[in-house]
Each structure stands twice: as structure tokens, then as C-alpha cells.
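Visitor: using only what follows, build the 3D model:
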Amino acid sequence: MKLSFLPRLPFAFLIVLLDQATLAVEVTFQVDLSIQKSKGRFVSSEDIIEVRGPFNGWSGGTELEQDAINSSIYSLPVEVADGEGAFVDYKFVIVDSANVVVWETEVGDGQDNRSFEQQAADHTLPVVFFDNLSVDPGAGVDVTFQVDMAARIQDELFDRESDYVSVRGPFNNWLGNDPMVPIAAGSSVYEGTAKVEFILPGSVVPYKFIINSAEWENGDNREFELANKVQIVPLRFFDDIEPIVLLPLGVLRISPVIDSSFTLAWDSVEAVLQGSTDLEEGWSDVTDAEGQTEVTLSTDLAPMLFFRLAQP
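Guide: Residues are numbered from 1 along each chain as shown. Okay, the predicted model is just below:
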């Protein structure tokens, strides 16, 4: 009798595929858009609502469907392959008729994103309000932002004539380009006012300043607590870098030449005496002048033609 056997490798490979497939479970996401609709932020006949997370590469394609009974609730089952007990981040996203994407802001429990714990079987997440906005926030609050560009101007990294600074946050979908303006002619302090809508007073609102719509401030987002009336956010330096304060160094006095020497005198021991033979070649510290307020130089030994006082 001749016996035949199935190859072992393909069979083992099939088992692996089946084992991986069992990891995916169906998670149903639900969101309430009643406030967004009442404020005109979501128009059901024109806009769509999506859920995004690592399960779809934080991209589109997961459009939620309107509930047949409650027209303000939208839901969608999505296959999520993370194992049981894993915490999965996600957010809801409005995509309007002009294809502008509006993300929820910081809506998670102590973090930016929402999160749920993956179960072993199919499960449905509780209904949540978009942006956690469950009541009408009213007509919005006018908030004035201020930023001091002094350090940037001092370091020649911000040109008053050609550069501009603006503020961004969830109140303008992190896309605002309206230039802030100096509070007075020649001032390094710039200000701009934005209407903060769709956020309840008392909420913590993130924001950041940006130069020329390209250079963001470093570090984490700034934050302020939204009041229920017109407010001014405290003044901040761009990147929280303060300018170097140039203190008056006094007058540099030069004596007449006597016996082929002359004396330079000044008032502050903190000042650094520097000299140059050519203004275009740069400056160097004068020898033996550090910590002094007077120095005598020989006209024969001092080739320097120009002198100045500088900050240490």
C-alpha cells in the first residue's frame, strides 16, 4: 500500500494565519454630534464624521453612520487587531464639505487622545460627545494673545518688516495665519485676538505661537484656562527666551598723547575694553584691561585705531 502525506510547512503556516486572525475583534465607536450641529460646525447633509487611530494609520476611510432613531448619534464597527488588555488611542474627526479636517482637541483622560481597553470579544464603546462638548458653550469668548519677540529681534532671527507671528490652537483648528500686530509703533510685543468657540469656559485650552506659518515654538503646548468673558492671556516671550539686557557702560575717555602714550578711562569694571585696527576686521579685548577702569597704552605698541566698551 502506498501512503501519501501533506507537506508539513504549509499546514503550520495556515495555523499561524488562523491564530493571528483571531486577534481582531469588532469595536463599535459612537459619538454624539448634537452640539456640533446646533452650532453649525457639523452639517449632516454635507460633512462626514470619522474615527481615526492606529487601527487605520490615523487616516480617513472610517466614516460613521447616522443612527436611525437618534439623528445626532453616529456609530461604526471597526476591526481592531490589538490583543486583549491593550489600550488603544483614537479620536473623532469632522471632515467638512471643503475637505477641511477638524480634529477633536485634548479629550482623553489626562492625555491628548481618547483611549479604550481592548476586550477579548466584540464590544461597543459608550457614546461620547465630540470634543466632550455636551452643552452649548454660547457665542464664544474673545481672547487676546500677546508674545514678545524681543530676543528674536535682538538675534536678528525676526525681521519686523518681512516676518510675522501668529497664534494657533483648537480655536482655529491649528491653522490660523492671521498676523499679530505690535501693540505700539516700534514695540517688540505683538498681539492678536481670536474668538474661542466650541469650548466650554473653565476648560484648559492649548495654543502655540508660530513664525511665518513655518517655525513653531519648541517644547510642549502652552495652555490657558478659558474664562466666561473677554480675556487677555498673560504676555510670554517667544520660546520663553528673554532678550539680553544691555546695561549702560558709561563714557570711554581718551587723554591727550604725552611722551608717546595715552590713557583710556571708563567707569565700570564690568565693561570690557576692546580695540580694532579695522572696523571691518572685528574687535579684540585689550590686554591688561580686564577688571580695570583705566589703562595706559603706548602709541608705538598700540596699533589699534578704534576703541569701544562692550558687555562681558
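
Visitor: which secondary structure element is home to the closest residue to Gln36 other than its chain neighbours?
Guide: Leaving aside its chain neighbours, Gln36 sits nearest to Phe42 (4.0 Å; criterion: C-beta to C-beta, 6 or more residues apart in numbering). In this view, the C-beta of every residue, glycine as well, is placed from N, C-alpha and C. According to DSSP states H and E, Phe42 maps onto no helix or strand at all.

Visitor: now the one 4 residues further on
Guide: Following DSSP H and E, there is no helix or strand that holds Glu46.

Visitor: residue contacts, the residue nearest to it when sequence neighbours are not counted?
Guide: Excluding its sequence neighbours, the residue lying closest to Glu46 (C-beta to C-beta, 6+ apart) is Ser97, at 4.1 Å. By C-beta atoms under 8 Å, 6 or more residues apart in numbering, the contact set of Ser97 is Val43, Glu46, Asp47.

Visitor: I figured Asn132 was touching Asp109, is that so?
Guide: No. Using C-beta atoms under 8 Å, Asn132 is not in contact with Asp109; the gap is 10.5 Å.

Visitor: ok, these two, which is more surrounded?
Guide: Asn132 (16 against 7; other C-beta atoms under 10 Å).

Visitor: got the contact list for the more buried one?
Guide: Here Asn132 is in contact with Glu104, Val107 (C-beta under 8 Å, 6+ apart).

Visitor: what's the pLDDT at it?
Guide: Looking at Asn132, its pLDDT stands at 93.

Visitor: can you tell me how far it is from Pro256?
Guide: According to C-beta to C-beta, to the nearest Å, Asn132 and Pro256 sit 79 Å apart.

Visitor: what of Val128?
Guide: 84 Å.

Visitor: quick check on the two: which one has the bigger neighbour count.
Guide: Neighbours were counted for Val128 and for Pro256 using other C-beta under 10 Å; Val128 has more, 16 against 6.

Visitor: so what are the sheet partners of the helix or strand hosting Gln146 and their directions?
Guide: According to DSSP H and E, Gln146 maps onto strand 141-148. When pairs are called by DSSP bridges, strand 141-148 turns out to pair with strand 189-196 (antiparallel), strand 231-232 (parallel), strand 236-237 (parallel).

Visitor: can I get those in a markdown table with mean pLDDT, distance to Leu252 and mean neighbour count?
Guide: Converted to a markdown table, those look like this (pLDDT from 0 to 100; distance: least, C-beta to C-beta, whole Å; neighbours: other C-beta atoms under 10 Å):
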| stretch | mean pLDDT | distance to Leu252 | mean neighbour count |
| --- | --- | --- | --- |
| strand 189-196 | 96 | 33 | 17 |
| strand 231-232 | 97 | 44 | 14 |
| strand 236-237 | 98 | 32 | 16 |
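
Visitor: make a markdown table from those strands and add distance to Trp58 to it.
Guide: Output for these, formatted as a markdown table (distance: least, C-beta to C-beta, whole Å):
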| stretch | distance to Trp58 |
| --- | --- |
| strand 189-196 | 26 |
| strand 231-232 | 33 |
| strand 236-237 | 30 |
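
Visitor: nearest to Lys208 among those would be which one?
Guide: With respect to Lys208, and counting by C-beta to C-beta, the nearest of the strands paired with strand 141-148 is strand 236-237 at 10.3 Å.

Visitor: what is the burial count for Gly275?
Guide: Using other C-beta under 10 Å, Gly275 has 19 neighbouring residues.
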